[in-house]
Structures are given as structure tokens and as C-alpha cells.
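Novice: Predicted model, plus sequence, below.
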Amino acid sequence: MSEAVIAVALVWVAASGTAVVLTRDPLRQAFVAGFFGLGLAFLYLSLQAGDVALSQIVVGAIALPLIVLLSLAKVGKGRG
Amino acid sequence: MSRRARLVFFAAAAAALAATLGAGLAGLPSFGSQITSYARMLNELAPRQRHVTDVVSAISFDYRGIDTLFEEFILLGAVTGISVLLRPLSDETRQLAQDKAPDRTIPPPSPAVWLLAVLLSSLLVLTGIETATHGQLTPGGGFQGGVILASALYVVYLGTNYVTVERFQPAPLLEATDGVGAFGYVFIGLLGLLAGADFLSNVVGLGVTGNLISGGTIPLLNLVVGVEVAASFAILASEFLDQTAVIRPRRR
């Protein structure tokens, strides 16, 4: 049973990680990276690493998208 | 360096990396193999020695507390660097959007968004405090709780506007909080020296395993780390927000 969960998590991480690289638009990439982070958190949880999973969630869901979105807003404003 | 020379250089470096990394990876225990004797020992000892139920907290805030001290100061250093880098430069000025177009007002967020922000920010404060204070019992701790606390401020910004959120986070208060949190870790470490033991020794009463107040210095360290991380992430967001909202090139 737990092997199946870990397998799903690994496939999710591999697929979403590839999707992050293949997304060319930085704004969309920030959202795809969020799903990738969620997959990583799920993988850590399935390997019984609850503390690491929580850290991954707060960094991947809060800190990273915030910095990417605010940076994109700044860069886009300078161009426009 | 010509393109060809660079490619040759890259091929050599990549081959060396592949060989050493491959040799290193081959020596790792196989996936899903038996846990190491070190992990087994800590699982056995930590609940009895430190009266905690989350062994990871006991490792990061007690057995290897000095590593966490350095990590805390890495975060402090990174946030200080960001504050210095993102200050208004000589050819930039701080100016609100209203000052540039006084005849146009920024439309306020809809009541639904505002209500959601009120509910979500109070829930986030509660979850943040819960995560930071239960580090010795369940997964979580100061770092995770601190980021959740800071995210309550982001939600306030999403539900209101730049001027309102700035009232919640005056820069001097955030910076002082960051410093107090970082120094608090050192101070708790010094308690060990004062008690005649080593730096960062767990010298506070350990309490009963499973209670909220248990684990000696572990919940105290989680608390100061929570304060430091919350302030750090609030400064981080505030500096990036300043760049988008008020810092603009000076008109020549």
C-alpha cells in the first residue's frame, strides 16, 4: 500500500518537475512550480518526513510564489 | 574561450562530476532499506532524554542545536542583504501611485475579498502560533510557524491595500523583532553556560512528555526562531512590495 503511495508521489514529482522546465512563460511557471512543490510535500509526507513536508509547503506555497510574482510585477512595470 | 574549447572543458567537467557523483550515489543505502542505527538510537533515546514526541525537533533544536543557530543567522544575513540591495537607489524615489494621478482613485477590493482576508488572516495567525508552539509534540516548529505568521500579513495586503498593510508592519518594528529573535537563540544558548554546562545545553526543566510545556529549551528555541522567521519573511515581502508599489525611477 505505502509503495503505491510513494510511486504516485514520485511520478507526480517527475511529471510536474518536467512541466516546470517546459513552461516558458514565467508567470505560468510560478503556478506550475506551486504544483511541483505540492508534489514534493506529498512525497516527503509519504516517506514519513512530516517536518520536511511542512517546510516545503510553507516555502513552496508562500515564499517562492510571492517573490516570483512581485519580481515579475516590478520587471513588467519597468518595461511598460 | 572559443565555443569548441568550452565544450571540451564542459565534457571533461561533466564526466568528472558524473563519475564522482555516481560513485557517491552507489554507496548510498538502497531506497526503503532499514533505517540507520543512528536514527534508531535517537528514536529510542530522545523521548526519554528530552521528553519530546517529535524526534526531529529534538535533533534540530537540541542534539544539533548549533547547526540551527547558524541556519538562523544565514536567514538573518540573507534578509539583511535583500534590505540593502532593494533600498531606493540614487536615481529612484519613493512615491505612492496616488501622488502621480490624484484625480484617479484606486478601486477598493470587493467586500467578499475583504471578508475572506479577515477570516483567513486570523486563521493564519492561529495556525502559525499553533505550529510554532507544538514543535516538540508534532511535526512543525518555529520555522514553519513563522512563515505561516508572516503570510497573515500578505493576506492583509491582498484584502486591503499598500497603505493599510504598511500600518501593520512598520519597518523599524520588523527589523527590531528580527534581531531580537535571532539574538534570543544565542541568549538561550548562553543559559547553558550560566548553568555551568555547555553552550546550548538543555538546562530548563523538561516537564512531562506529551504536554505543551515539555522538552526544556526546545519549545523556547522554537519560539524565538518563530519570531525571527516571521519578521524575516515579513521584511522580505515588504521589501519586494516596496519595489512594486512605491519605488519608481526619478523623473529627469
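Specialist: Structure's in. What do you need?
Novice: Does B:Asn222 touch B:Gly141 like I think?
Specialist: Yes. Under the contact definition of CB atoms under 8 Å, B:Asn222 touches B:Gly141, with a separation of 4.8 Å. From N, CA and C alone the C-beta is placed, and that goes for glycine too.
Novice: the more surrounded of the two?
Specialist: B:Gly141 (31 against 28; other CB atoms under 10 Å in any protein chain shown).
Novice: Now do the contacts for the closest residue to the more buried one other than its chain neighbours.
Specialist: Among residues not flanking B:Gly141 along the chain, B:Gly135 sits closest, at 3.1 Å (CB to CB, 6 or more residues apart in numbering or on different chains). B:Gly135 makes contact with B:Asp54, B:Ser57, B:Phe61, B:Gly141, B:Gly142, B:Gly145, B:Ile218, B:Pro219, B:Asn222, according to CB atoms under 8 Å, 6 or more residues apart in numbering or on different chains.
Novice: tell me which element the residue in the stretch 51-200 of chain B positioned nearest to chain A is part of?
Specialist: The minimum distance from the stretch 51-200 of chain B to chain A, using CB to the nearest CB, falls at B:Pro139 (3.1 Å). Using DSSP states H and E, B:Pro139 maps to neither a helix nor a strand.
Novice: now for the helix or strand that B:Ile129 is a member of, which elements pack on it?
Specialist: Take DSSP H and E as the rule and B:Ile129 turns out to sit in helix B:111-133. With contacts defined as 3 or more CB pairs under 8 Å, 6 or more residues apart in numbering or on different chains; DSSP states H and E, helix B:111-133 has these neighbours: helix B:142-159, helix B:217-245.
Novice: how does it look with 6 Å?
Specialist: On a contact count with 3 or more CB pairs under 6 Å, 6 or more residues apart in numbering or on different chains; DSSP states H and E, helix B:111-133 meets helix B:142-159.
Novice: who's in contact with stretch A:18-25?
Specialist: A:Gln29, A:Val32, A:Ala33, A:Phe36 (CB atoms under 6 Å, 6 or more residues apart in numbering or on different chains).
Novice: Most neighbours out of those residues, which is it?
Specialist: A:Phe36 leads the contacts of stretch A:18-25 on contacts (other CB under 10 Å) with 22 neighbours.
Novice: residues near the spatially closest residue to that residue that is not a sequence neighbour, how many?
Specialist: Closest residue in space to A:Phe36, ignoring its immediate chain neighbours: A:Ser16 at 4.1 Å, by CB to CB, 6+ apart. Look at A:Ser16: counted by other CB under 10 Å, it has 18 neighbours.
Novice: how close does A:Ser16 get to chain B?
Specialist: 20 Å (CB to the nearest CB, to the nearest Å).
Novice: Could you double-check that that residue lies in contact with A:Ala41?
Specialist: No. Counting by CB atoms under 6 Å, A:Ser16 does not reach A:Ala41; the two are 11.6 Å apart.
Novice: How about the contacts made by the residue in chain A positioned nearest to chain B?
Specialist: Residue nearest to chain B within chain A: A:Gly50 (3.1 Å; CB to the nearest CB). If a contact means CB under 6 Å, 6+ apart, then A:Gly50 has B:Pro139 as its contacts.
Novice: run the last query once more with 10 Å
Specialist: A:Gly50 makes contacts with A:Tyr44, B:Asp54, B:Val56, B:Thr138, B:Pro139, B:Gly140, as judged by CB atoms under 10 Å, 6 or more residues apart in numbering or on different chains.
Novice: From these, keep the buried residues only.
Specialist: Taking 16 or more other CB atoms under 10 Å in any protein chain shown as the criterion, what is buried in the contacts of A:Gly50 is A:Tyr44, B:Asp54, B:Val56, B:Pro139, B:Gly140.
Novice: Tell me if the first one really is in a strand.
Specialist: No. Inclusion of A:Tyr44 in a strand is not indicated when DSSP: H, G, I helix; E, B strand; the rest coil is applied; the result is helix.
Novice: Report how many residues lie close to the closest residue to B:Leu220 other than its chain neighbours.
Specialist: Of all residues not flanking B:Leu220 in the chain, B:Ile188 sits nearest, at 5.4 Å (CB to CB, 6+ apart). Using other CB under 10 Å, B:Ile188 has 23 neighbouring residues.
Novice: Next, B:Ile188: secondary structure please.
Specialist: helix.
Novice: Quick check: which element contains the residue sitting nearest the centre point of chain A?
Specialist: Taking CA atoms, centre = their mean, the centroid of chain A lies closest to A:Gly37, which sits 2.5 Å from it. Per DSSP H and E, A:Gly37 falls inside helix A:26-46.
Novice: so how far is that helix off the chain centroid?
Specialist: Remark: helix A:26-46 is offset 2 Å from the chain centroid, using CA atoms, centre = their mean, to the nearest Å.
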